[in-house]
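Participant: sequence and predicted structure are below.
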Amino acid sequence: MTRSVFLLYGMAAALMAQTLPSFDVASVKENKSSAAAPNSNFPLGPGDVYSSNGGHFTATNLPLISYIFFAYKIMGDQAQSVTSQLPGWVTTDRFDILANTDGNAARDTKDQMRLMMRSLLAERFKMVTHYETRQVPILAAVPVKPGKAGPQLQPHPADAECSTAVPTASGPDPQAAVGPGYPTLCGGFLPMPPSAPGRVRVGARNVTMAFITMGLSAIGNLGRPVVDQTGLSGNFDMVVEWVPEANAPNSAGPDFQPDPSGPTFLEAVKEQLGLKLDSQKGPSEFLVIDHIDHPTAN
């Protein structure tokens, strides 16, 4: 890379960092320990699950890709698209990031933390990004019966207690079920105990249809964007249970034995959620990585 191009990317990263909220203090260190377990002081997933902690961000021994996914709410097929643009060290080299806000309670939210992480990535890793909308093969989520959801996809009751805060060790189990099998914790996808061995069960409460459909791409390993064309508004509670294909990734471990009598993922989506996924070509937004470097010194 020529010096002029390097300076151009550096200026772009600096401008991006200036236009976003930033941490008051932040430290970035490469972690070369093979023994330390990856750890974060709150969930880094794309949902709203978050415990207010005074504006402290602490994560250790995580690959940079985890911080990027957190900052940009990457989920579903987006993960593969972003990863394919990045150099190998982004997924292998691990970093500790310790940061604090200025103590303003309004900045102690998960979405504010995401924006401040974007600023940090721009400042320390010279990361420059933009979004593009492309016409690509998609799966359109539409109701099997127009205007009607399935038995395990129901509107979230407006008066239902629903916390996004991660419970303490002595608090309720976030995977415990409420109502007809939904998780107690709200705002994100959670693994749930299946009804029978050899199956996988995932639930979510108080989430939008757009969040649900994007998540279907990830939990079903569909390889395409799933776009919400349901016409269903408001927030929903859902739970879906299926049998992963023998050669598909799943979270059940290497000794997982599929239940031959259970539904496939697409069958479960249709029967339980009342949705069908139609193959189409349509617009989908992609995060484009223009530039990224090893971190600058603290």
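Facilitator: Here it is on my side, so go on. Residues are numbered from 1 along each chain as shown.
Participant: domain-wise, how is this structure divided?
Facilitator: Segmentation of the chain into domains, based on automatic domain parsing, reads 3-131, 136-283.
Participant: which one of these lies closest to Asp290?
Facilitator: domain 3-131 (4.2 Å; C-beta to C-beta). For the C-beta atoms, the positions are set from N, CA and C on the backbone; glycine is no exception.
Participant: run the chain-centre distance for the closest one.
Facilitator: On the basis of C-alpha atoms, centre = their mean, to the nearest Å, domain 3-131 is displaced by 13 Å from the centre of the chain it belongs to.
Participant: isn't Ile68 up against Gln78?
Facilitator: No - Ile68 lies out of contact with Gln78 (C-beta atoms under 8 Å); the separation is 10.8 Å.
Participant: out of these two, which sits in the busier spot?
Facilitator: Between Ile68 and Gln78, Ile68 has the larger neighbour count (other C-beta atoms under 10 Å), namely 25 against 21.
Participant: contacting residues for that one?
Facilitator: 74, 82, 86, 90, 121, 127 (C-beta atoms under 8 Å, 6 or more residues apart in numbering).
Participant: likewise for Gly223?
Facilitator: Counting by C-beta under 8 Å, 6+ apart, Gly223 touches 77, 80, 217.
Participant: what about the second one, how many residues close to it?
Facilitator: So the one you mean is Gln80. 12.
Participant: ditto for Glu161
Facilitator: Other residues close to Glu161 by other C-beta under 10 Å number 8.
Participant: so how far is Leu190 from the residue positioned nearest the centre of the chain?
Facilitator: Taking C-alpha atoms, centre = their mean, the centroid of the chain lies closest to Pro46, which sits 2.9 Å from it. According to C-beta to C-beta, to the nearest Å, Pro46 and Leu190 sit 13 Å apart.
Participant: same deal with Leu120?
Facilitator: Computed as C-beta to C-beta, the Leu120 to Leu190 distance reads 28 Å.
Participant: so what's Ala218 up against?
Facilitator: When contacts are counted by C-beta under 8 Å, 6+ apart, Ala218 touches 75-77, 79.
Participant: what of Phe286?
Facilitator: Phe286 sits next to 78, 81, 131-134 when contact means C-beta under 8 Å, 6+ apart.
Participant: same thing with Thr129?
Facilitator: By C-beta under 8 Å, 6+ apart, Thr129 lies in contact with 16, 72, 287-290.
Participant: mind redoing it with 6 Å?
Facilitator: 287, 289 (C-beta atoms under 6 Å, 6 or more residues apart in numbering).
Participant: please name the nearest non-neighbouring residue to Val136.
Facilitator: Distances taken as C-beta to C-beta, 6 or more residues apart in numbering place Ser284 nearest to Val136, at 5.2 Å, with adjacent residues excluded.
Participant: same deal with Gly274?
Facilitator: Nearest non-adjacent residue to Gly274 (C-beta to C-beta, 6+ apart): Gly150, at 2.7 Å.
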